[in-house]
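A.B. asks: pasting the structure only:
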């Protein structure tokens, strides 16, 4: 991807749209534009947190390791950021991210990302909004799973009660 194209991609992303032109150009210059094929991993659980990513095109799946292998726990789409939590926490990755179909992302080095957020209130506010959205979605997902678990337990209890009669 050409430098000018990277600036255009970043400008279209709500997270970076409020940056002044100079900051946007600097960010574009430091980003890598990467393409991934279906099923290809961007990173694995346990990998060091060295970058944040923003999706330009396509979808990614969040995969968690279980005793039975990887399971999908969520999906990410256009303009969504991921990988930033591990950078903030200075911790390794907690999940594996894989491409679903063709995926194009901007990769922002962790040190550049932290500098951008700490030196630019508009960028920090954008990241806080994105993180707040993630927390709200996680809470909604948790509540839906909790309700489904209660429903399954009630159904199993009803079957067990009926079997005892």
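C.D. replies: Nice, I can see it. Keep in mind that this is a model prediction, so the values were computed, not measured.
A.B. asks: the longest strand in this structure is where?
C.D. replies: strand 51-66 (DSSP state E).
A.B. asks: any weak-confidence spans in this protein?
C.D. replies: Flagging of the chain using pLDDT under 70 yields the residue ranges 1-3, 158-165.
A.B. asks: what's the spacing between the residue positioned nearest the centre of it and residue 153?
C.D. replies: Closest to where the C-alpha atoms of the chain average out (Cα atoms, centre = their mean) is residue 82, at 2.8 Å. Separation of residue 82 from residue 153 (Cβ to Cβ, to the nearest Å) stands at 33 Å. Every C-beta, even on glycine, is put in place using the N, C-alpha and C of the backbone.
A.B. asks: how about the helices in this structure?
C.D. replies: In the chain, the helices defined using DSSP state H lie at 3-12, 21-30, 84-89, 110-119, 121-164.
A.B. asks: next one: the longest one to chain centre, how far?
C.D. replies: Centre-to-centre, helix 121-164 and its host chain are 18 Å apart (Cα atoms, centre = their mean, to the nearest Å).
A.B. asks: how about the third one?
C.D. replies: Taking the mean of its C-alpha atoms, helix 84-89 sits 11 Å from the chain's own mean (Cα atoms, centre = their mean).
A.B. asks: what packs against that helix?
C.D. replies: strand 51-66, helix 110-119, helix 121-164 (3 or more Cβ pairs under 8 Å, 6 or more residues apart in numbering; DSSP states H and E).
A.B. asks: ok, the longest one next?
C.D. replies: In terms of contacts (3+ Cβ pairs under 8 Å, 6+ apart), helix 121-164 is packed against helix 84-89, helix 110-119.
A.B. asks: the second one too?
C.D. replies: Contact here means 3+ Cβ pairs under 8 Å, 6+ apart; on that basis helix 21-30 packs against helix 3-12, strand 96-109, helix 110-119.
A.B. asks: how about the longest one: buried residues?
C.D. replies: Okay, so that is strand 96-109. Going by neighbour count (16 or more other Cβ atoms under 10 Å), the buried part of strand 96-109 is 96, 97, 98, 99, 100, 103, 104, 105, 106, 107, 108.
A.B. asks: kindly report the same for stretch 127-145.
C.D. replies: Going by 16+ other Cβ under 10 Å, stretch 127-145 has these buried residues: 127, 130, 134.
A.B. asks: I'd like the helices and strands packed on helix 121-164 as a markdown table, with mean neighbour count appended.
C.D. replies: Formatted as a markdown table, these follow (neighbours: other Cβ atoms under 10 Å):
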| stretch | mean neighbour count |
| --- | --- |
| helix 84-89 | 17 |
| helix 110-119 | 16 |
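A.B. asks: residue 21 is nearest to which of these?
C.D. replies: Shortest distance between residue 21 and the helices and strands packed on helix 121-164, using Cβ to Cβ, is found for helix 110-119: 14.6 Å.
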